[in-house]
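Colleague: Pasting a predicted model and its sequence here:
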Amino acid sequence: MKTTHIAAAAVALLATGAAQSQTAKQLEQQTAAMMQASFREQGIAKMDRITQDDAQKACSQAKPPSEAVTKKIEAAQLATVKWPADGQFIGDWKEGEKLAQNGRGMTWTDASAAAGKNGAMCYNCHQMDKKEISFGTIGPSLWNYGKLRGVANPADPASEAMVKYTWGKLWNSKAYSACSTMPRFGHAELLTEAQIRDLMALLLDPKSPVNQ
């Protein structure tokens with residue numbers, strides 16, 4: 001009799017699990033349909049903007065991805081980083097500062113979303129300069145970014161590694177933090193390689209206001 005009760009309970013548990021699984025799948029479908037119905041194309045903003053890649057899908061779930069999934073995402077995203085073809089990582093910090101303070105781009109009223117037409121919008125999330133009175137706090141302060149990391153000193157053996165990390169972070173932030181909310185400037189073709197060089201200079205050049 002006891003065995004029969006256990007078996008019945010097991011069957012009930014499996015049925016409940018199947019029902020919950022089905023419900024979760026239905027909710028996922030309903031959510032996707034709701035998202036689709038909530039957006040419309042206008043100007044340069046097309047419906048493909050709500051299409052998520054694997055990394056975005058994993059980070060949009062109710063629970064954060066497991067460590068194994070996180071590592072898989074980061075490895076896959078790191079593989080997409082394009083390093084400078086000529087090996088030149090540093091551009092003009094003055095141009096980089098203009099980009100960092102430029103919040104334009106990707107809105108439906110813009111003429112184009114192509115790389116070279118957008119700002120970097122760094123101040124939206126980061127402090128860049130002690131003189132700034134308005135800046136975002138979603139991301140960490142970048143004040144003295146290069147100075148604190150020693151990359152302003154070419155004799156520092158850690159310099160090359162930090163330079164490459166900074167480039168990779170700007171190109172595809174998810175390569176180093178799977179669920180990063182930072183724009184993937186290079187990967188998403190928001191900025192050109194030349195513009196990323198200029199941002200690199202803003203962060204790393206000892207003459208940049210960031211490092212003063």
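Modeller: On my side now, so go ahead. Numbering: from 1, shown residues only.
Colleague: Break the protein down into its domains, please.
Modeller: 1-38, 93-211 (automatic domain parsing).
Colleague: which of those domains has the lowest average pLDDT?
Modeller: Mean pLDDT per stretch puts domain 1-38 lowest among those, at a mean of 64.
Colleague: in this structure, which residue is closest to the centre?
Modeller: residue 182 (3.5 Å; C-alpha atoms, centre = their mean).
Colleague: In which helix or strand does that residue reside?
Modeller: Using DSSP states H and E, residue 182 sits in no helix or strand.
Colleague: Going by residue numbers, what spans are helices in the protein?
Modeller: Applying DSSP state H to the chain gives helices spanning 2-38, 54-59, 67-78, 93-100, 145-149, 159-171, 193-204.
Colleague: Can you say which of those is packed in most?
Modeller: Burial of the helices of the chain is given as mean neighbour count (mean count of other C-beta atoms under 10 Å); helix 193-204 ranks first at a mean of 23. Heads up, the C-betas are built off the backbone N, CA and C, glycines and all.
Colleague: what's that one in contact with?
Modeller: Outside helix 193-204, the residues within contact range by C-beta atoms under 8 Å, 6 or more residues apart in numbering are 82, 84-85, 88-93, 95-97, 99-100, 115-116, 120, 122, 128, 142, 145-146, 151-152, 163, 166-167, 170-171, 185-186, 191, 208, 210-211.
Colleague: what's the straight distance from one end of stretch 172-183 to the other?
Modeller: 8 Å (C-alpha to C-alpha, to the nearest Å).
Colleague: Now that stretch: buried residues?
Modeller: Residues 172-175, 178-180, 182-183 are the ones in stretch 172-183 that count as buried (16 or more other C-beta atoms under 10 Å).
Colleague: unless I'm mixing things up, residue 36 is touching residue 49, no?
Modeller: No. Assessed by C-beta atoms under 8 Å, residue 36 is found out of contact with residue 49, at 11.6 Å.
Colleague: Distance to residue 67 for the domains of the chain - can I get that in CSV?
Modeller: Shown next, in CSV, are the domains of the chain (distance: least, C-beta to C-beta, whole Å):
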stretch, distance to residue 67
domain 1-38, 22
domain 93-211, 10
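Colleague: Brilliant, that's me finished.
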